[in-house]
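A.B. asks: pasting the sequence and the predicted coordinates here, then a few questions.
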Protein chains: 2
Amino acid sequence: MEVILAKQAGFCFGVKRATHLAFEAADKKGETYTLGPIIHSPQVVQRLEEMGVKVLGDVNDADSGTIIIRSHGVAAEELEAAVSKNLEIVDATCPFVKKAQEHVESLSLAGYDVVVVGDADHPEVQGIVSYATGRVYVVGSGEEAAKLPRMAKIGVVAQTTQSFENLKDVVYACLAKGGEIRVYHTICDATAVRQEEAKALASKVDCMIVIGGFNSANTKRLAEVCSELLPRTHHIETASQLDSSWFVGVEKVGVTAGASTPKWLIDEVLDRIAEIDREKIG
Amino acid sequence: MEVILAKQAGFCFGVKRATHLAFEAADKKGETYTLGPIIHSPQVVQRLEEMGVKVLGDVNDADSGTIIIRSHGVAAEELEAAVSKNLEIVDATCPFVKKAQEHVESLSLAGYDVVVVGDADHPEVQGIVSYATGRVYVVGSGEEAAKLPRMAKIGVVAQTTQSFENLKDVVYACLAKGGEIRVYHTICDATAVRQEEAKALASKVDCMIVIGGFNSANTKRLAEVCSELLPRTHHIETASQLDSSWFVGVEKVGVTAGASTPKWLIDEVLDRIAEIDREKIG
């Protein structure tokens, strides 16, 4: 079998940075915590736990030690609580998410009502929204934005993984709502680039393997877009979930991975596929 | 015949104000000029000329006296020339146009590249554009905006008589061009409201009369939208241009007028239509 690994498989810039900071902090002595899972990869979280890093649901559960702010960022009040409790803070917030948080804060302070384009249940959005000091709305689509009230000055930012089309639809709707609209294009194109590459790959192989956390929104989306083109698409977290029956009659296998999937998990999957291939021949 | 006059026929807010200021200045003693025609109504311009107000093509043609800035505004450098020549200035620029000029200036000073949605040949747009201190582009449509280069910070304003759809299309295109887009909704809805009312009227009468300067863009557009619905639409400047043959077999007549058409011209047209109606019966 020929195995083709997508160029953009695995860690994006923000996740690579967050993971590096977390392992660096774990190497030091002392109590270390992350506020929520550092990234949406259960395997990375488990490795950190084995090194003594505990996942907290609430900043008030830590009284001393080091707290790592995860890649999606946290709410402003949680950060303030960590500061006031005198915890050592390692801020692993993705710099693109940080930018969106800063824009929301400055727009609010400048008197804009803020519209955040994104998924209201996602921790990144909950963090971004918390930086507003005035009125703030989360909308998932242009149709939702059309229901917003009239506002004098509107500031728009997007969750970093939103599609550009969705941002455009929301801006379109907001133009009818106010006299001034200020838009920050806070979308990171890593998600779109990864999806485009995966689609191109899915259209030229017989079987696609998508590696990443079952709790990772971007990995789930990656598996969805591939399976639309190629029903023989499988979403797995680890090599042990590979099934040799998937490769019967397969000549070309495509492999990609979500933005929170570490290289070691991808390597294990590639090794296991090679093993299955040898078993087929043998 | 039943004659129905549109509620929104004639002077808009900005033209009413400009005309009032011009006649007030004309009443005073001394040399008085307008820079270009005060509004796009040859009859109003003629009345002012009869009162001694001269139309200048160039501010340098006046050495003393009072200069009236017309409703469409003038270029920043012309205004500066008038100031430096110590002319008395009556600024009859429409306040909505003034706002657009101010937004262009402040956007430029704040480091934005400016995009003006409008007709590059229109005096209003030429005035607005002149307030930019940095890069500025005029685009007539979303397709034109799509050809703009990439920019870091983009400021968008519109000619006050542009359609809202056109502004939206340009913003849509600009979102792909830069990291921050700031839009001022500088469109005055008088034009749209007038057009909507004229269309409703044209659909329930047998003949439409549209009154206004043949050089007035908004009057020409008004006549266009009416004649699309009702071929028996006539664009006239004065009552003397009415033709009694137009009213043969007509039961209902609709009358509307452009934003630069004075009330006295509308009244003369209504009187003349009543006269034609009496002749029909007699």
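C.D. replies: Good, I have the coordinates. Note that this is a predicted model, so its numbers are computed, not measured.

A.B. asks: which parts of chain A are strands?
C.D. replies: With DSSP state E as the criterion, chain A has strands at A:2-5, A:32-35, A:53-56, A:66-69, A:88-91, A:113-117, A:136-139, A:153-158, A:180-184, A:207-211, A:233-236, A:252-257.

A.B. asks: if I look at residue A:105, how far off is residue A:120?
C.D. replies: In this view, residue A:105 and residue A:120 are 19 Å apart by CB to CB, to the nearest Å. Every C-beta, even on glycine, is put in place using the N, C-alpha and C of the backbone.

A.B. asks: quick one: name the residues of chain A near chain B.
C.D. replies: Residues of chain A lying close to chain B (CB under 8 Å from any CB of the partner chain) are A:164, A:167-168, A:171-172, A:175-176, A:178-185.

A.B. asks: of these - the most surrounded one?
C.D. replies: residue A:183 (30 neighbours; other CB atoms under 10 Å in any protein chain shown).

A.B. asks: now do the contacts for that one.
C.D. replies: A:155, A:156, A:157, A:167, A:171, B:175, B:180, B:181, B:182, B:183 (CB atoms under 8 Å, 6 or more residues apart in numbering or on different chains).

A.B. asks: could you chop chain A up by domain?
C.D. replies: Listed by automatic domain parsing, the domain ranges of chain A are A:2-10+A:190-281, A:13-94, A:96-183.

A.B. asks: next, the distance between the ends of the second one.
C.D. replies: When the termini of domain A:13-94 are compared using CA to CA, to the nearest Å, they are 8 Å apart.

A.B. asks: hmm, back to that, more neighbours, residue A:105 and residue A:120?
C.D. replies: residue A:105 (17 against 14).

A.B. asks: surely that one touches residue A:130?
C.D. replies: No: the pair residue A:105 / residue A:130 is not scored as a contact, 9.5 Å apart, by CB atoms under 8 Å.

A.B. asks: got a pLDDT number for residue A:30?
C.D. replies: pLDDT recorded at residue A:30 is 87.

A.B. asks: same check, this time on residue A:193
C.D. replies: 92.

A.B. asks: can you count the residues close to the closest residue to it other than its chain neighbours?
C.D. replies: The shortest distance from residue A:193 to any non-neighbouring residue, by CB to CB, 6 or more residues apart in numbering or on different chains, is to residue A:8 (5.7 Å). Counted with other CB under 10 Å, the neighbours of residue A:8 add up to 18.

A.B. asks: follow-up on the earlier one: need the domains of chain A in TSV (columns: distance to residue B:269).
C.D. replies: TSV is the format used below for the domains of chain A (distance: least, CB to CB, whole Å):
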stretch	distance to residue B:269
domain A:2-10+A:190-281	59
domain A:13-94	64
domain A:96-183	36
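
A.B. asks: okay, those, which one's buried deepest?
C.D. replies: Among those, the stretch with the highest mean neighbour count (mean count of other CB atoms under 10 Å in any protein chain shown) is domain A:96-183, at a mean of 20.

A.B. asks: show the average pLDDT along that one.
C.D. replies: 95.

A.B. asks: any idea which helix is longest in chain A?
C.D. replies: Under DSSP state H, the helix in chain A containing the largest number of residues is helix A:263-281.

A.B. asks: what's the offset of that one from the middle of its chain?
C.D. replies: 26 Å (CA atoms, centre = their mean, to the nearest Å).

A.B. asks: what are the contacting residues of that helix?
C.D. replies: Against helix A:263-281 from outside (CB under 8 Å, 6+ apart): A:1, A:3, A:5, A:9-11, A:41, A:43, A:209, A:211, A:236-240, A:242, A:244, A:247, A:253, A:255, A:257.

A.B. asks: repeat that for 6 Å
C.D. replies: Helix A:263-281 has contacts (CB atoms under 6 Å, 6 or more residues apart in numbering or on different chains) with A:1, A:3, A:10, A:43, A:211, A:239, A:242, A:244, A:247, A:257.

A.B. asks: for the fourth one, which residues are in contact?
C.D. replies: Contacts for residue A:43 were tallied using CB under 6 Å, 6+ apart; they are residue A:265.

A.B. asks: how near is it to chain B?
C.D. replies: 35 Å (CB to the nearest CB, to the nearest Å).

A.B. asks: can you give me the distance of that residue to residue B:253?
C.D. replies: In terms of CB to CB, residue A:43 sits 80 Å off from residue B:253.

A.B. asks: cool, and the second one?
C.D. replies: Distance check for residue A:3 against residue B:253: by CB to CB, it reads 80 Å.

A.B. asks: may I have the predicted confidence score for the residue nearest to residue A:235 when sequence neighbours are not counted?
C.D. replies: Nearest residue to residue A:235 in three dimensions, chain neighbours excluded: residue A:223, at 3.9 Å (CB to CB, 6+ apart). In this model, residue A:223 is scored at 95, pLDDT.

A.B. asks: for the one 5 residues further on, same thing?
C.D. replies: Predicted confidence (pLDDT) for residue A:228: 95.

A.B. asks: again with residue A:265
C.D. replies: Residue A:265 is given a pLDDT of 96.

A.B. asks: what's the answer for the one 10 residues further on, then?
C.D. replies: Looking at residue A:275, its pLDDT reads 95.

A.B. asks: can you check residue A:219 too?
C.D. replies: For residue A:219, pLDDT reads 93.

A.B. asks: quick one, what contacts it?
C.D. replies: Per CB under 6 Å, 6+ apart, neighbours of residue A:219: A:212, A:213, A:258.

A.B. asks: repeat the analysis, applying 10 Å as the threshold.
C.D. replies: A:40-41, A:194, A:210-213, A:235-237, A:256-261 (CB atoms under 10 Å, 6 or more residues apart in numbering or on different chains).

A.B. asks: for residue A:150, same thing?
C.D. replies: Residue A:150 neighbours (CB under 10 Å, 6+ apart): A:113, A:176, A:177, A:178, A:179.

A.B. asks: 7 Å - rerun?
C.D. replies: A:177, A:178 (CB atoms under 7 Å, 6 or more residues apart in numbering or on different chains).

A.B. asks: check residue A:237 too.
C.D. replies: A:42, A:43, A:213, A:214.
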